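Colleague: Just the structure for this:
(chains A and B)
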Amino acid sequence: MTLDGSSEPLRAAVRAWLAQHVPSGWRGAMTGTDQECFVQAQREWFSKLVEAGYATPHWPAGWPGGGRSLGEQKIIFEEVARADAPRLILFFVALYHAACTLIEWGTAEQKAAYLPRILKGEIWCQGFSEPNAGSDLASVRTRAERRGDRYVVNGQKIWSTMAQYADRCLLLTRTGKSDPPQGGLTYLLLDMRTKGVTVRPISQITRDDEFAEIFFDDAEVPIQDRVGEEGEGWAVAQSTLSSERGLTLVEMSQRMRYALPRIGAALRDRGCFDDAALRLEVGRLTAKVNAACALADRYLLRRISGEEVLGDASVVKLCYSRTLRDFVSLGLRIGGLESQYDRGFMRGAPHETGNWIVDFMNSYNWSIAGGSDEIQRNIIAERLLRMPREPRTWQVPAERS
Amino acid sequence: MSAEPSELRDSARKVLAGQGVPAGEAATWPLVVELGWLLVAVPEELGGLGEGLAAACALYRELGASLAAAPYLPAMLAVEAVCHAAPGERHYWVELLTTGGFAGAPLAEAVLSATPHGAGKTKLTGLASAVPSADKAGHIVVWTSDDDCVALVPLDRSGVAVERRPTWDATRRLFDVRLGDVELDDSFVLARGAAAQALRRRLSTHRDFALAADSVGGAAALLDRTVEYLLTRRQFGRPLAMFQALKHRCADLKVLTEAAEALLLDGLARLGEAGGAVAAERLGQQAKSFATMAYSKVAEEALQLHGGIGMTSEHSCHLFLKRALLNVQLGRSNDRCDLDVAAGTLGEDI
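Modeller: Numbers count the residues shown, from 1 in each chain, chains lettered A, B, ... in the order given. Take a look at the predicted model:
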């Protein structure tokens, strides 16, 4: 669906550009490859997008391709999905999370210092989650202590995407005690080469290591690299978390729709194209996938028209994550024993590659990361349905304490 | 861009709010006629509002939310069918059927055949089932199982037998209409051959979207009522709505309802751009299967979440549940819809 006829020239231009520039055979090239090759391929794809102005349509006018409306950005994301282009995983945090946070909260000096570096290909990572602050993000404990013109950071972050390649980190730290815990948080930009910073990649169940832990041992951050005021970190972090404004879910749900033929291919490969029981599931899945796309689409249009209410985004994300799980589960079912054999995995792909067991494992990225399904259900119940929160206090039962 | 005309929806909501839930047939049918709701999808050149199926669906949805008994859907199917009558007769039929002369239609697939019978006459034989409010109808629109003939059948003809079939759903009254060698002048035949198939597709698509909209309206209304109940009812010293186990179930139902609504509106918006009648029909089938599934899931859970009170006849929970369960069975079966949608996904549609 489009907003109006005037966006059609942009759509045509993006479509034509992608047809010419999406690296042909990238899926094959990224299957079974090592991380270094993947990083190289990501850098090349990133440079092409920056040059064409399609990497930063959400930045202000004056930056390459900048100043595009949300409706226009939506078109670019839709076309990227349609063209089955690689996802820009390595640079997404820099282009969206970091840049949007800086654009909204950064000082003139910070913007001047960091935005050009992002365009040149600096890789950023996000240091929010901790071993004991996942769904309950406000309880972060990584401490930043003010000493003169610097903060000294001690603690640990986890689930930081591609941190082992990152040049810089968006770091949420605790600078003070507070009740509620959302207070007392401070947002810092940390150079990953700082002394006292150690990165340890986490080997995942897919054998990929997209995520890493980051350890801080008296790591120093100059005070000019603080974003917002001391104690304002929670509010700044909200900008980071909402920076992609539903665009990713539009892209991901549409990628899922374009991937439906993989289910047909699987039926043919397995010689069960005419199996009525499986066909029923294909019909049901089609409806669910189309519904997920329609929801994501409607959400973005509501954002554009200012009709969005708190909790709408959670409906879209939960719907997508459950539909994705249904998608890959059906693939796994059709794939049968064949899908259990280890054929390596594809880097940088969305979650429907046809390597069903890996797709299945990767689908947990969407039901756990970025606010788990359970957190989304809480938000939907509390914000949209106005059901009350559970009492927050809890005491260890006397007989066990 | 929204496919749903919100002004029409809002005014319908206001009018129906005065009718209570369930909104009875005797009160709501005259409203439907007086407010001109039968004209919303009639082309302007035939004196209608020309607002299409999307506008009709906004009304189906509100009627579904009120569990309204008015036979609006079968009447609309008949109106849509007569818009395709012979050019000389269209105005007459449209005028008659939109000003209170009720013609109905079966909401299940009829098992019917037509045979030529002398010059200018056709004989119809078979069964049209799930015809709402047929005792009030002067005519019904039917199509034959082979898609070769769409006809308007006057119910006062010899060979027509109308039989009430009581359903557990108390919000609609269904009838079987048996046709035993019913003889019709060809002026009652609205379409034949390819034109009949095209008209049948239009009517099936209309019916599927209507059932989807009714279901979306019912599901959303019932979920609201359920949450309202959970906020009121207290056990263990707090409102049930505070228990996370129940909140999460309600959240899942909210997602399901919103997804069904989004799919419905998206399907309606795509109707215009759909490449051909088959693609349009698939959009309706998909919306119908998904929305009726969602409605029955919401209704099933709503009764459980209400607990004992939901099992009582005085509470409205069961009215929604029974309407939801019947909606699943109306139109083509959901399995049929899913298989047809799958055929589209698997590249088999022409």
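Colleague: Go ahead and produce CSV holding the CA coordinates of stretch A:159-166.
Modeller: C-alpha atoms of stretch A:159-166 as CSV (Å, rounded to 0.1, in the frame of the first residue of the first chain):
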residue,chain,number,x,y,z
TRP,A,159,23.8,-9.8,24.0
SER,A,160,25.6,-7.0,22.2
THR,A,161,25.2,-7.7,18.5
MET,A,162,28.6,-7.8,16.6
ALA,A,163,30.4,-6.1,19.5
GLN,A,164,33.6,-8.0,18.5
TYR,A,165,33.7,-5.8,15.4
ALA,A,166,32.4,-2.6,16.9
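Colleague: Walk me through the domains of chain B.
Modeller: Chain B breaks down into these domains under automatic domain parsing: B:6-98, B:105-191, B:195-345.
Colleague: ditto for chain A
Modeller: The domain map for chain A lists A:5-87, A:124-232, A:246-384, with the assignment taken from automatic domain parsing.
Colleague: that older thread, please identify which of the domains of chain B is closest to residue A:306.
Modeller: Among the domains of chain B, the nearest to residue A:306 by CB to CB is domain B:6-98 (15.2 Å). C-beta: built from backbone N, CA, C; applies to glycine.
Colleague: Mean neighbour count, the domains of chain B: which tops it?
Modeller: domain B:195-345 (a mean of 21; mean count of other CB atoms under 10 Å in any protein chain shown).
Colleague: Over to the residue nearest to residue B:334 when sequence neighbours are not counted. Which of the three states is it?
Modeller: For residue B:334, ignoring the flanking residues on the chain, the nearest one in space by CB to CB, 6 or more residues apart in numbering or on different chains is residue B:289 at 4.3 Å. Per DSSP: H, G, I helix; E, B strand; the rest coil, the secondary structure class of residue B:289 is helix.
Colleague: One more: residue A:181?
Modeller: Assigned by three-state DSSP, the conformation of residue A:181 is coil.
Colleague: In terms of pLDDT, where does it sit?
Modeller: Looking at residue A:181, its pLDDT stands at 82.
Colleague: hang on, the earlier thing: please list all residues in contact with the residue nearest to residue B:334.
Modeller: A:283, A:284, A:287, B:334, B:337, B:338, B:341 (CB atoms under 8 Å, 6 or more residues apart in numbering or on different chains).
Colleague: Now name the helix or strand holding the third one.
Modeller: Going back to what we said before, that points to residue A:287. helix A:276-305 (DSSP states H and E).
Colleague: Identify the residues contacting the host helix or strand of residue A:41?
Modeller: Using DSSP H and E, residue A:41 sits in helix A:35-52. Helix A:35-52 is contacted from outside by A:17, A:21, A:23, A:26, A:29-30, A:55-56, A:64-65, A:85-86, A:88-91, A:119, A:121, A:165, A:209, A:347-348, using CB under 8 Å, 6+ apart.
Colleague: Which of these are buried, as a ChimeraX select command?
Modeller: What follows is the ChimeraX syntax for the buried subset of these, where burial is set by 16 or more other CB atoms under 10 Å in any protein chain shown:
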select /A:17,21,26,29,30,55,56,65,85,86,88,90,91,119,165,347,348
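Colleague: Helices - which of the contacts of helix A:35-52 land there?
Modeller: A:17, A:21, A:26, A:29, A:89, A:90, A:91, A:119 (DSSP state H).
Colleague: Give the buried residues for the helix holding residue A:41.
Modeller: A:38, A:39, A:41, A:42, A:45, A:46, A:48, A:49, A:50, A:52.
Colleague: Can you show me the strands along the stretch 151-300 of chain B?
Modeller: With DSSP state E, counting those that start in this stretch as the criterion, the stretch 151-300 of chain B has strands at B:160-164, B:174-185, B:189-192, B:234-235, B:238-239.
Colleague: circling back to that earlier point, C-terminal to the helix holding residue A:41, what's the next element?
Modeller: Note on helix A:35-52: by DSSP H and E, the next helix or strand toward the C-terminus is helix A:70-82.
Colleague: any residues touching that following helix, and which ones?
Modeller: A:2-3, A:7, A:10-11, A:14-15, A:18, A:54, A:57-58, A:68, A:245, A:247-248, A:250-252, A:254-255, A:258, A:300, A:303-304.
Colleague: List buried residues within those residues.
Modeller: Going by neighbour count (16+ other CB under 10 Å), the contacts of helix A:70-82 have A:3, A:10-11, A:14, A:18, A:54, A:57-58, A:68, A:245, A:247-248, A:250-252, A:254-255, A:258, A:300, A:303-304 buried.
Colleague: The residue in chain A that chain B sits nearest to: what's it in contact with?
Modeller: For chain A and chain B, the shortest gap (CB to the nearest CB) falls at residue A:283, measuring 3.1 Å. Shown in contact with residue A:283 (CB under 8 Å, 6+ apart): B:286, B:289, B:337, B:338, B:339, B:340, B:341, B:342, B:345.
Colleague: before we move on, back to that, possible to save the strands of the stretch 151-300 of chain B as a markdown table with mean pLDDT and distance to residue A:126?
Modeller: Below are the strands of the stretch 151-300 of chain B laid out as a markdown table (pLDDT from 0 to 100; distance: least, CB to CB, whole Å):
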| stretch | mean pLDDT | distance to residue A:126 |
| --- | --- | --- |
| strand B:160-164 | 98 | 65 |
| strand B:174-185 | 96 | 58 |
| strand B:189-192 | 94 | 62 |
| strand B:234-235 | 94 | 42 |
| strand B:238-239 | 95 | 37 |
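Colleague: Using CSV, lay out the ones you listed together with distance to residue A:127.
Modeller: Below are these laid out as CSV (distance: least, CB to CB, whole Å):
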stretch, distance to residue A:127
strand B:160-164, 70
strand B:174-185, 63
strand B:189-192, 67
strand B:234-235, 43
strand B:238-239, 38
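Colleague: who wins for proximity to residue B:313 among those strands?
Modeller: Set against residue B:313 and scored by CB to CB, those come closest in strand B:174-185, at 20.1 Å.
Colleague: any residues touching that closest one, and which ones?
Modeller: With CB under 8 Å, 6+ apart as the criterion, strand B:174-185 contacts B:106-107, B:112, B:117, B:120-135, B:140, B:142, B:151, B:153, B:155, B:157-165, B:167.
Colleague: Which residue, neighbours along the chain excluded, lies closest to the residue of chain B found nearest chain A?
Modeller: Across chain B, the shortest distance to chain A (CB to the nearest CB) belongs to residue B:338, at 3.1 Å. Excluding the flanking residues, the one nearest residue B:338 by CB to CB, 6+ apart is residue A:283, at 3.1 Å.
Colleague: Can you give me the distance of that neighbour to residue B:343?
Modeller: Using CB to CB, to the nearest Å, residue A:283 is found at 8 Å from residue B:343.
Colleague: Equivalent analysis for residue B:232, please.
Modeller: Residue B:232 is 47 Å from residue B:343, where distance means CB to CB.
Colleague: for residue B:15, same thing?
Modeller: Residue B:15 is 41 Å from residue B:343, by CB to CB.
Colleague: helices or strands up against the helix or strand bottoming out on mean pLDDT in chain A?
Modeller: Taking mean pLDDT, DSSP states H and E as the measure, the helix or strand of chain A with the lowest value is helix A:26-29, at a mean of 88. Of the remaining helices and strands, those touching helix A:26-29 by 3 or more CB pairs under 8 Å, 6 or more residues apart in numbering or on different chains; DSSP states H and E are helix A:35-52.
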